[in-house]
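> Dropping a prediction and its sequence here:
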Protein chains: 2
Amino acid sequence: MRFASLLMSAAAGSLMIGAAAAHAAEGMWTLDNLPVDALGKTYGFAPDAAWIAKVMHASVRLENGCSGSFVSPAGLVMTNHHCVEDCVGQLSTPRHDLMRGGFLAPTAAAERRCPGLALDRLDGIVDVTGRVAAAGRGLAGPARLDARRAEIARITAACAGAGKAVRCDVVDLYQGAVHHLYRYRRFDDVRLVFAPEADAAQFGGDPDNFNFPRYDIDLGIVRAYEDGRPVRGNEFFRFSRAGAEAGELTITSGHPGSTQRQLTVAQLERVRDVDDPWRLTRLAEQRGLITRFSAESAENARIARGTLDDIENAYKAYYGELESLRDPAVLARKRADESELRALAAQRAELRADDAAWDEIAAAQQTFRDIAMRYRFTEGGQGLWTDYFDIARALVRAADERAKADAERLPEFTDAALASTEQKTMSPAIVPAALERVKLSWSLTKLREWLGADDPLVERVLGRESPEALARRWISATRLGDVAYRARLWRGGKAAIEASDDPFVRVARLLEPESRRLRARLDAEVTAIEHENAEKIARVRFARTGTGAYPDATFTLRLSFGTVQGWNDHGRPIGPFTTVAGWFGRSTGQAPFRLPPSWLAAKRALAPGQRVNFTSSNDIVGGNSGSPVLDRRAEIVGLVFDGNLESLGGTFWWDEAHNRTVAVDGALILQALDKVYHATALLDEIEPPR
Amino acid sequence: MRFASLLMSAAAGSLMIGAAAAHAAEGMWTLDNLPVDALGKTYGFAPDAAWIAKVMHASVRLENGCSGSFVSPAGLVMTNHHCVEDCVGQLSTPRHDLMRGGFLAPTAAAERRCPGLALDRLDGIVDVTGRVAAAGRGLAGPARLDARRAEIARITAACAGAGKAVRCDVVDLYQGAVHHLYRYRRFDDVRLVFAPEADAAQFGGDPDNFNFPRYDIDLGIVRAYEDGRPVRGNEFFRFSRAGAEAGELTITSGHPGSTQRQLTVAQLERVRDVDDPWRLTRLAEQRGLITRFSAESAENARIARGTLDDIENAYKAYYGELESLRDPAVLARKRADESELRALAAQRAELRADDAAWDEIAAAQQTFRDIAMRYRFTEGGQGLWTDYFDIARALVRAADERAKADAERLPEFTDAALASTEQKTMSPAIVPAALERVKLSWSLTKLREWLGADDPLVERVLGRESPEALARRWISATRLGDVAYRARLWRGGKAAIEASDDPFVRVARLLEPESRRLRARLDAEVTAIEHENAEKIARVRFARTGTGAYPDATFTLRLSFGTVQGWNDHGRPIGPFTTVAGWFGRSTGQAPFRLPPSWLAAKRALAPGQRVNFTSSNDIVGGNSGSPVLDRRAEIVGLVFDGNLESLGGTFWWDEAHNRTVAVDGALILQALDKVYHATALLDEIEPPR
């Protein structure tokens, strides 16, 4: 296979689908299919092949769900503080809390490996649509899905080869109309270089999250290593000297996680009525629980911080998503679009058969509603909220799956994904017992609450014990805190798993039959039907719109194009910039509005007018965290770390008037490293003499 | 005015609207308008005037939102344990926890007054429709609402007179088409006589709540006093010797709180999209918070128990309500009904003007959506979750309202309601500081979260302090724990309020202008419009259906008629009875499935086949808790304490196939008092020789 060839031809104008943005700023574009006409017309911008190749090779994906970019020729990677928060927490101890105090490695030797964190850098894209389509031809339902999965496993296995340094994913684009093979260089040795204090990185905490005006230096710097040495000679981005002014073109290069902008009304109603309310009430209860646990002692607050931050962030994100679905205007627009498409399908003979697609998807939603609750608590794993269960399930499942042919395995255990799964399962991060007891005990009460005290599965898990007693007993008995024990189970395969008396291995084995049964049922009766029919709908949409679309986000590299601008919030204009003076004014000295001592000490050294954060009209979603904001020369003018509240409907539609990206100003990063953190060596590496 | 006259004519057949139930068991019937034809046809039952009068005078309402009944000629009242749970908790101390240990007053002198609890016994009903309608004639919007309210205040003031022993309420029935004056004898001295251990009363706890099979003796017995002596010579119900068999007629006499079975689709969508999701996520977060607080110590668990029980119960109730609104079939039926009514309105000249009613209500829902968040945190009082704030607001508001003419006051401060408001405000129940700190601190973070850190109101409440510090300071500084101080502020009026430096009085004063402004806006732009247009819709509905309807529940006395029966749960038949043998089998010894020592000791004395709980097809909702289940002779066969999960959609519609009442078996109550609690004197009083 040849990589990068498609990319080259795309950049030269032979676009796969041929893209022309409906809105000025809408779209998360794959690198092989940039909206070159619109970019030329709107911004007078014409990226050439070299520009695109540079952006591709200097951008990275964090496997934990974030984005980043190389910012030095020696493997230095810029991302968000909140993207390395797990690592910062895991490297902390009660006496050395790096969330509170921050971290700056004084020498290369002091850079500290992040447990479980890996980076992927895209090396090339190949169109494999024909192979995948051929594999499923003549089949339907789960058989078609299985045949395609098997072909995808063959493609990725051939691409990745035997080593762990290459990762290959087949990406489903345009509702299955297109399949592309993405080949990455994978870095599994990633070390923490710099993190500011959480009080500065996440100033304003949850109250300011997704809000603007905003004041955060949400920055984390790590370094990619290979063979125990820093990566050398990689492509990287330089910082712009000029920064970005209002109205200027901004480009984000990152990995938006997931959008569903083509969902049918029935699917949107399922998200509104089933998925989001469940997530929100569950997160809300977890939030109350962990909030109180954290208030009990400084040590509890330290060990629970990452968990609570994740909960609060997800809560707000889903709330915003649901708000957009509850807006009658949004659903009315989706309904009108659907009616128009169905009318078109009914008119044209060649599309008439596709008109049933919407009804079949709607019927599958009802099936989902029927099995959702059991699915959540078995395959969804929500009955046992503890890292130990996740580890145990991966071990139990790996033993079964690795014994199969690659093409027959569950996707996360195919050779292509196995390195990533193994690294997560073997992470040496400490699992804090006090927090796990609270999480597990609570989640066992939820298992009983939602499946019912008389449910056979609940009876087998709980026996006649109380959730509290069981959680205490299991957490103190488990040996899964010991990575060596995990490694023995991983290596030992099925025999070792069956011989283990670890309580979490036992309960993972116990749940396995029903988990797999429900996963298979979901695949067959919901996912397969959604896939097949989404393809049909995509065909109808293509008949209407023709070329000019971007695919839904898939946690793969995308560029978005916008400009620096604020927005109008119900008649109140919000400007795009905040300044250092505003930041100091907002600091009350009380968490979460408390600047750390390093910043207070540096107050005189910082220009009051120095910009802190800015907003732009780039089309991003979760997963873009840590993306660089680039100018047309591919120089860094900012660092994406958030969207505004109005951007949270971006999962389902693009609201040009209000959807805004929030970024750290690039110059602030350099100023802070210099004046606040006195990180001279780091600055010299990032800003080498030109 | 003459009371009971309407009642007499109703029983004699001259029914006001003339009732004929659409379904066999549907309906919460006012005593002046029983569905006599249907009762005769379906059950061969013809209640006469004496029967009705007896039921009316032996039934009571608990002002805390429950129902009950006199069960002895000396003022003994039977209700649920969960209806007197607040009282039981308030009478407990760390060393004498009556929730855990139960309570039985060995002598009359040992009966203990329940702080803040009052009973209302209905003495008569008078139709005042004409007076209320005349007051609003020719007016519209808030002017009409105000004029009607003023007339209602005049009617109730004249009815109640000066004393505190009579309570009069004008009840809005049939969407404002009918107004009835209900006159009650009010008992504000209510004393606890008996409560079983919570482990027996609420066996199964939250997991079993709203479920069946069920095993609870959810019983509380109090006594009404007047002038410091037990009430004498009241009407009361006897216990049936025979009990109720499957298929037998069962009658509940109680006070269903609120149904909205005539809401328009736009209103139901508002409940589904705005009200219930807000309630559920808020309750879920409170639940997590208080769950963890309770786990910290036995004393925390004790002081927070009532709060947590209330949260869990409300959570499950709203969840069930929302589930029914998310069922596409339910909303489709409502939509079809609405289309049919609108088609009728469009057809008939005299109704044509009413066709706009649905659109006007829909527009008002949008207004509600716009102001909902600020309303919740100001007039809704949800930014300050502490009893101290509720007390402070009542004091601040009483000072303003009591200075006005009766007809101009807010409804809860009219002379008719003042005794009840004052009793609640002056309750000597201890407000536990540790719990209040947690509640207040959390709720202040929510105030900031939802209105925004930069909101002027938030800034004025929080200043530059953290919610935690503020909560600590306010709770330790407040003097509102001292009832004498409260009484001085109540008596001292406006001058005393303005002179007070109590932090909660201060913050209540601070919120007052915006609270009142939002309340007025809600009244004018939502409530008034809903009322006016609901009347128009009721007119159209009357044109279609004619006579034969029951009014929505209004926390006034209603009878419902059903039979003892189980139901079919997705093909699984659920029988209507549980037994003592089943109960002992379900006891694991672990909370909440832990029978207390008294029951374990009595095991041999109890017949294994003795029934514990049963289900019936009576149409009830929240507020019916504590209602007696009567047979046709008006003898007690059971005690309502719950509905099944499927009954929770009962707020919006009646599901004959699945909606079931859950009751304690009457004989179990007598058996328990005898064999488990050895409450000989109490039994003798309840079961005097016939």
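That came in fine, so what should we check first?
> where do the helices sit along the stretch 301-450 of chain A?
Here the stretch 301-450 of chain A has its helices, by DSSP state H, counting those that start in this stretch, at A:328-347, A:357-377, A:387-401, A:415-425, A:433-451.
> Between these, which one is closest to A:Ile686.
Nearest of those to A:Ile686, taken as Cβ to Cβ: helix A:415-425 at 27.7 Å. (Each C-beta comes from the backbone N, C-alpha and C, glycine too.)
> can you list the residues that contact that closest one?
The contact list for helix A:415-425 (Cβ atoms under 8 Å, 6 or more residues apart in numbering or on different chains) reads A:63, A:116, A:118, A:153, A:156-157, A:159-160, A:164, A:167-169, A:186, A:188, A:391, A:394-395, A:398, A:402, A:406, A:411-413, A:486, A:490.
> What separation do you get for A:Phe134 and A:Glu408?
Actually, residue A:134 is Ala rather than Phe. 19 Å (Cβ to Cβ, to the nearest Å).
> sorry, that was for A:Ser560
A:Ser560 is 38 Å from A:Glu408, by Cβ to Cβ.
> Show me what residue of chain A gets nearest to chain B.
Closest to chain B within chain A is A:Gly288: 2.7 Å, counting by Cβ to the nearest Cβ.
> which of the contacts of helix A:415-425 are buried?
Among the contacts of helix A:415-425, those buried by neighbour count (16 or more other Cβ atoms under 10 Å in any protein chain shown) are A:63, A:116, A:118, A:153, A:156-157, A:159-160, A:167-169, A:186, A:188, A:391, A:394-395, A:398, A:402, A:406, A:413, A:486, A:490.
> in the stretch 401-550 of chain A, what spans have low per-residue confidence?
Applying pLDDT under 70 to the stretch 401-550 of chain A flags the ranges A:546-547.
> hmm, try it at 80
The stretch 401-550 of chain A contains residues with pLDDT under 80 at A:545-548.
> where do the strands sit along it?
In the stretch 401-550 of chain A, no strands are defined using DSSP state E, counting those that start in this stretch.
> Residue numbers of it in contact with chain B?
Proximity of the stretch 401-550 of chain A to chain B is confined to A:438, A:442, A:445, A:448-449, A:452-453, A:464-466, A:468-469 under the rule Cβ under 8 Å from any Cβ of the partner chain.
> which of the residues you listed sit farthest apart?
Using Cβ to Cβ, the pair of these lying farthest apart is A:Val438 and A:Gly452, separated by 23.4 Å.
> Comparing these two, which residue is more hemmed in?
A:Val438 (26 against 15; other Cβ atoms under 10 Å in any protein chain shown).
> all helices in the stretch 501-650 of chain A, in order from the N-terminus.
Taking DSSP H, counting those that start in this stretch to define them, one finds helices in the stretch 501-650 of chain A at A:503-522, A:528-545, A:580-586, A:597-601.
> how about those in JSON lines, adding distance to B:Asn533?
Listed next are the helices of the stretch 501-650 of chain A as JSON lines, based on distance: least, Cβ to Cβ, whole Å:
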{"stretch": "helix A:503-522", "distance to B:Asn533": "45"}
{"stretch": "helix A:528-545", "distance to B:Asn533": "40"}
{"stretch": "helix A:580-586", "distance to B:Asn533": "46"}
{"stretch": "helix A:597-601", "distance to B:Asn533": "57"}
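> Make JSON lines out of the ones you listed and add mean neighbour count.
What follows is those, written out as JSON lines (neighbours: other Cβ atoms under 10 Å in any protein chain shown):
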{"stretch": "helix A:503-522", "mean neighbour count": "18"}
{"stretch": "helix A:528-545", "mean neighbour count": "19"}
{"stretch": "helix A:580-586", "mean neighbour count": "18"}
{"stretch": "helix A:597-601", "mean neighbour count": "16"}
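> Quick check: closest non-adjacent residue to A:Arg558.
Nearest non-adjacent residue to A:Arg558, counting by Cβ to Cβ, 6 or more residues apart in numbering or on different chains: A:Met28, 3.9 Å away.
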